[in-house]
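Colleague: Build the 3D model from these lines:
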Amino acid sequence: MSDAPEYPPETRPVGRIIAMPADTNPEGDIFGGWLLAQMDVAGATPAFELAQGRCATVALDGMVFHQPVAVGDEVSIYADVIGTGRTSIRIHVEAWKRARGQPLATSVRVTQGVFTYVAIDENRKPRPLPGKE
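Modeller: So this is what the prediction gives:
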């Protein structure tokens with residue numbers, strides 16, 4: 001890892017949530033699965049907008065957790081479309097944290113990954129993205 005400072009993406013966050021005590025493991029850290037779920041929901045937002053309708057998560061490319069999330073941390077999630085196929089949308093999702101109640105606290109990247117969503121119809125079958133019929 002580099003010693004260079006990192007900064008959150010310049011785009012607006014797709015989701016922001018406060019980590020709560022009910023989301024912890026026995027050691028008091030936030031479950032990775034909780035964070036993964038928050039990222040999946042946030043990543044679905046630009047996928048839904050691009051697909052103009054329902055999408056399903058079909059894949060997640062490798063994630064590495066760089067930092068733990070503690071109770072009370074504010075978690076901001078950023079998501080950008082990085083590619084599309086006929087029915088699929090690939091979204092790069094990053095999660096950042098900062099200590100809550102400290103306006104000057106530095107944000108730190110917690111994890112990132114690439115989520116793949118597929119546009120689906122009312123029968124839950126893949127459908128072409130708008131303009132790719």
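Colleague: On the three-state scheme, Asp40 is what?
Modeller: On the three-state scheme (DSSP: H, G, I helix; E, B strand; the rest coil), Asp40 is labelled helix.
Colleague: Centre-most residue in this structure?
Modeller: Geometric centre of the chain, nearest residue: Met39, 2.6 Å, by Cα atoms, centre = their mean.
Colleague: my guess is that one contacts Phe115, does it?
Modeller: Yes - Met39 is within contact range of Phe115, at 7.2 Å (criterion: Cβ atoms under 8 Å). (C-beta placed from N, C-alpha, C; glycine too.)
Colleague: overlap in contacts of the two?
Modeller: Val93 (Cβ atoms under 8 Å, 6 or more residues apart in numbering).
Colleague: List the residues that contact the residue nearest to the centre of the chain.
Modeller: Met39 makes contact with Ile77, Ala79, Val93, Ala95, Thr111, Gly113, Phe115, according to Cβ under 8 Å, 6+ apart.
Colleague: Could you work out the most separated pair of the residues you listed?
Modeller: Farthest-apart pair in the contacts of Met39 is Ala79 and Thr111; separation 12.9 Å (Cβ to Cβ).
Colleague: Neighbour count: the two, which is higher?
Modeller: For Ala79 versus Thr111, neighbours defined as other Cβ atoms under 10 Å are more numerous around Ala79 (24 against 20).
Colleague: Assign a three-state SS to that one, would you?
Modeller: Once three-state DSSP is applied, Ala79 turns out strand.
Colleague: Tell me which stretches of the protein form helices.
Modeller: Taking DSSP state H, the helices of the chain run over residues 32-51.
Colleague: I am finished for the moment; much appreciated.
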